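Asks: Sequence and predicted structure, then a few things I'm wondering about:
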Amino acid sequence: YDGKCVFCRIARREEPGTALLPCQYEDLVCFRDIRPSAPHHYLVVPVEHMGNCKTLKGEHIPLVKRMMEVGKAVLQKNNFSDLNDIRMGFHWPPFCSISHLHLHVLAPASQLGFLSRLMYRINSYWFIT
């Protein structure tokens with residue numbers, strides 16, 4: 001736990017302005033992005049403080065799979081069912097604004113604006129899916 005990390009505080013329900021969405025795993029939380037780039041823009045975050053996506057190793061594959069599972073479940077709970085029109089990924093350092101691992105879940109990807117298409121471009125220099 002890092003008390004200076006806003007995502008650690010959100011995960012521990014210490015940020016009253018951020019509503020957590022239902023999540024099927026106790027070690028993950030999900031909430032809306034404060035600057036949404038799509039009608040549905042959620043962040044899936046481990047409760048335990050982890051660095052950015054560059055710190056991921058092979059042993060973290062199950063964690064990332066569960067993060068994606070949570071993202072899809074939240075979309076479906078919010079009446080978005082076209083899972084072919086979503087984008088999920090991580091900003092690659094130094095392009096992450098918060099250095100606590102977080103998966104961006106965006107939908108519909110077809111409605112991303114011009115700048116958002118750049119910011120969340122599939123497997124770009126700054127965003128990996």
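Replies: Alright, I've got the coordinates. For clarity, every value in this text was computed on a predicted model and none was experimentally measured. Numbers count the residues shown, from 1 in each chain.
Asks: in the chain, which spans are helices?
Replies: For the chain, applying DSSP state H gives helices covering 6-11, 61-77, 114-119.
Asks: Which elements pack onto the longest one?
Replies: Under the contact criterion of 3 or more Cβ pairs under 8 Å, 6 or more residues apart in numbering; DSSP states H and E, helix 61-77 touches strand 28-32, strand 40-46, strand 103-107. No exception for glycine: its C-beta is placed from N, CA and C like everyone else's.
Asks: For those strands, give me CSV that also has mean neighbour count, distance to Val6 and mean pLDDT.
Replies: As requested, the helices and strands packed on helix 61-77 are arranged in CSV below (neighbours: other Cβ atoms under 10 Å; distance: least, Cβ to Cβ, whole Å; pLDDT from 0 to 100):
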stretch, mean neighbour count, distance to Val6, mean pLDDT
strand 28-32, 20, 11, 98
strand 40-46, 23, 10, 98
strand 103-107, 24, 16, 98
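Asks: Ok, which of the ones you listed comes nearest Pro93?
Replies: In this view, these are compared for proximity to Pro93 by Cβ to Cβ, and strand 103-107 is the closest at 14.5 Å.
Asks: Please name every helix or strand in contact with the closest one.
Replies: Taking 3+ Cβ pairs under 8 Å, 6+ apart as contact, the helices and strands that strand 103-107 lies on are strand 40-46, helix 61-77, strand 87-91.
Asks: now, of the helices of the chain, which is deepest in the fold?
Replies: Stretch with highest mean neighbour count among the helices of the chain: helix 6-11 (a mean of 20; mean count of other Cβ atoms under 10 Å).
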